[in-house]
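Asks: I would like to see how this sequence folds:
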Amino acid sequence: MNWIKTSERLPGIDDFDVLLYCADTKEQFVGEYIGLELFQYAVDRHGEPIVCRPTHWQPLPEPPSDAADRREG
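Replies: Coordinates of the predicted model:
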């Protein structure tokens, strides 16, 4: 997958969880696009969303094909 600049395109409504990259902190994490160029990646102890404005995003990769097999066995 390739990184997509948020200045060029934001995730669509069907892109629930995406991989985020914040250039200022050089961090990568999973988050959800909530609108207005904001992504939620956590909640605080009061249940309030913790958000960021990443510089890049990309869809999450598919999970390992054997992950379901391990849960059943």
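Asks: any chance you could map the helices in this structure?
Replies: Using DSSP state H, the helices assigned to the chain run over residues 67-72.
Asks: ok, longest strand in it?
Replies: Ranked by residue count, the top strand of the chain under DSSP state E comes out as strand 27-35.
Asks: Determine the set of other helices and strands touching that one.
Replies: For strand 27-35, the elements it packs on are strand 17-22, strand 38-43, strand 49-52, judged by 3 or more CB pairs under 8 Å, 6 or more residues apart in numbering; DSSP states H and E. (Glycine included, C-beta is placed from N, CA and C.)
Asks: Reformat those as CSV; add mean neighbour count.
Replies: Output for the helices and strands packed on strand 27-35, formatted as CSV (neighbours: other CB atoms under 10 Å):
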stretch, mean neighbour count
strand 17-22, 18
strand 38-43, 15
strand 49-52, 14
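Asks: Compare these and report which one is nearest to L60.
Replies: The closest approach between L60 and any of these, judged by CB to CB, belongs to strand 17-22 at 5.8 Å.
Asks: Does anything pack onto that closest one? Which helices or strands?
Replies: For strand 17-22, the packing partners by 3+ CB pairs under 8 Å, 6+ apart come out as strand 27-35, strand 38-43, strand 56-59.
Asks: Can you add mean pLDDT and distance to V18 and give those strands back as a markdown table?
Replies: As requested, the helices and strands packed on strand 17-22 are exported to a markdown table (pLDDT from 0 to 100; distance: least, CB to CB, whole Å):
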| stretch | mean pLDDT | distance to V18 |
| --- | --- | --- |
| strand 27-35 | 94 | 7 |
| strand 38-43 | 95 | 8 |
| strand 56-59 | 96 | 5 |
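Asks: Tell me which of those strands lies nearest to L10.
Replies: Smallest distance to L10 across these (CB to CB): 6.1 Å, for strand 27-35.
Asks: Quick check, L38 in contact with W57.
Replies: No. Between L38 and W57 no contact is recorded; they are 12.0 Å apart, counting by CB atoms under 8 Å.
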